[in-house]
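> Model the following, please.
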Amino acid sequence: MKRKPIIGITCSNIEYSGITSSLLHYSYSDSVINAGGIPIILPIGNKEITEKMFSICDGILLSGGEDINPQLFGAEPHPKLGKIIPERDSM
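Got it, this is the predicted structure:
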């Protein structure tokens, strides 16, 4: 039997009532399941743990969310640039 691919999905961190939680819309994991894969949520955090999690994934799905810092690509921020999260960008 062929092994199903493991697909890592990036998430966002949100704070609510003083508690930080990982957030991912369910449609991302549902889509991976419907396509025959096994989804795992990749929380923002420790670089070493992130690298280990990436190493077991057959693919990575970059979920929507906050903007990426354009300065990482040598561009200046646009006036309509939304919220950026450096920890998510570095992941």
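
> Contact partners for S29?
9, 39, 41 (CB atoms under 8 Å, 6 or more residues apart in numbering). For glycine as for every other residue, the C-beta is placed from the backbone atoms N, C-alpha and C.

> Neighbour-wise, which one of the residues you listed leads?
Most neighbours among the contacts of S29, by other CB atoms under 10 Å: I9, with 21 neighbours.

> which ones are touching that one?
Listed by CB under 8 Å, 6+ apart, the contact set of I9 reads 24, 28-29, 32, 39-42, 60-61, 63.

> Run through the helices of the protein in chain order.
Using DSSP state H, the helices of the chain run over residues 26-34, 47-56, 86-90.

> could those helices go into JSON lines alongside distance to P77?
Listed next are the helices of the chain as JSON lines, based on distance: least, CB to CB, whole Å:
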{"stretch": "helix 26-34", "distance to P77": "27"}
{"stretch": "helix 47-56", "distance to P77": "25"}
{"stretch": "helix 86-90", "distance to P77": "13"}
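
> Just the closest of the contacts of S29 to Y16, please.
Checking the contacts of S29 against Y16 by CB to CB gives I41 as the nearest, at 17.4 Å.

> any idea how far I6 is from that closest one?
Computed as CB to CB, to the nearest Å, the I41 to I6 distance reads 12 Å.

> between the contacts of S29, which is nearest G18?
Nearest to G18 among the contacts of S29, with distances taken as CB to CB, is I41, at 21.9 Å.

> Just grab the bridge partners of that closest one for me.
On the basis of DSSP bridges, I41 is bridged to I9.

> Surely it and L24 touch.
Yes: if you go by CB atoms under 8 Å, I41 and L24 touch, sitting 5.5 Å apart.

> Next, show the common contact partners of the two.
By CB under 8 Å, 6+ apart, the residues touching both I41 and L24 are 9, 11.

> Okay then, goodbye and thanks.
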